[in-house]
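> Next comes the sequence, and after it the predicted model I'd like to discuss.
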Amino acid sequence: MLCGEVTKNYFDVKNSNMDTTDATQPAEVTGVHDVVDRLIAQWKAARPDLDPSPLEVVGRVIVLAQHLERDVESSLEKHKLTLGQFDILATLRRHGKKGGLTPTRLLESVVLSSGGMTARLDALAEAGYVARKPNPDDRRMVVIELTAKGRRAIDNATKTRFTEAKDSLPSLNAAEMTTLTGLLRRWLAEVAG
């Protein structure tokens, strides 16, 4: 039930022309409620001794992240890439035409978690997107490079990814988007350093 509610409400918001003029007003005033409002009301009833107000932000960020990740995964399916594989290829591509990063450097540079890095690299190598080559500075180590096929794949997938990201943005004016970006940047810096 909860997953269905989250999906339904997400699409209601994503497909709406979001009016942010009431963004500073509580749901009780605007009449606009989402799944997080319902969860908070339920927690207030079930545990009046606890303050669920942090979920106003944190809960929404988590729900949004889940939907955004599903959208990214869906958009990358046509390229036969997972988000984790895309992250590796994109990291290599940002470091030049071939990439040329050691697995350790690659691990430090990816945006996503490091979970399953070797398995992802194996799958990408098997698909012909990356190659492991001897490190010219230390022949005991390898560097991961994009192949020509991998470069074409990531260049095409990046266009899709950027379009999907643009389509996922809320309907905010420039000032609101600048404010949201700044607040999220500050929060991320506090959390991730």
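That came in fine, so what should we check first?
> And residue 94, how close does it get to residue 163?
18 Å (Cβ to Cβ, to the nearest Å). To be clear about C-beta, it is placed using only N, CA and C from the backbone, and glycine gets the same treatment.
> again, but for residue 191
From residue 191 to residue 163 the distance is 28 Å (Cβ to Cβ).
> Those two: which is more packed in?
Higher neighbour count among residue 191 and residue 163: residue 163, with 11 against 7, using other Cβ atoms under 10 Å.
> Tell me the secondary structure at that one.
Following DSSP: H, G, I helix; E, B strand; the rest coil, we place residue 163 in the helix state.
> contacts for the lengthiest strand in the chain?
The residue-count maximum for a strand in the chain (DSSP state E) belongs to strand 138-146. Residues from elsewhere that reach strand 138-146 (Cβ atoms under 8 Å, 6 or more residues apart in numbering): 88-89, 92-93, 97-103, 106, 121, 129-136, 154.
> Next: stretch 99-115.
83-84, 87-88, 90-95, 117-118, 121, 130, 135, 141-146.
> Same check on stretch 84-91?
72, 76, 79, 81, 99, 101, 106, 109-112, 115-117, 120-121, 123-124, 129-130, 144, 146, 150, 153-154, 157-158, 161.
> which residue is nearest the centroid of the chain?
residue 69 (5.3 Å; Cα atoms, centre = their mean).
> Give me the nearest residue to it, chain neighbours excluded.
residue 83 (6.7 Å; Cβ to Cβ, 6 or more residues apart in numbering).
> That neighbour reaches residue 72, doesn't it?
Yes. With contact defined as Cβ atoms under 8 Å, residue 83 reaches residue 72; the gap is 5.4 Å.
> Compare the two and say which is more crowded by neighbours.
Remark: of residue 83 and residue 72, residue 72 carries more neighbours, 18 against 15, as counted by other Cβ under 10 Å.
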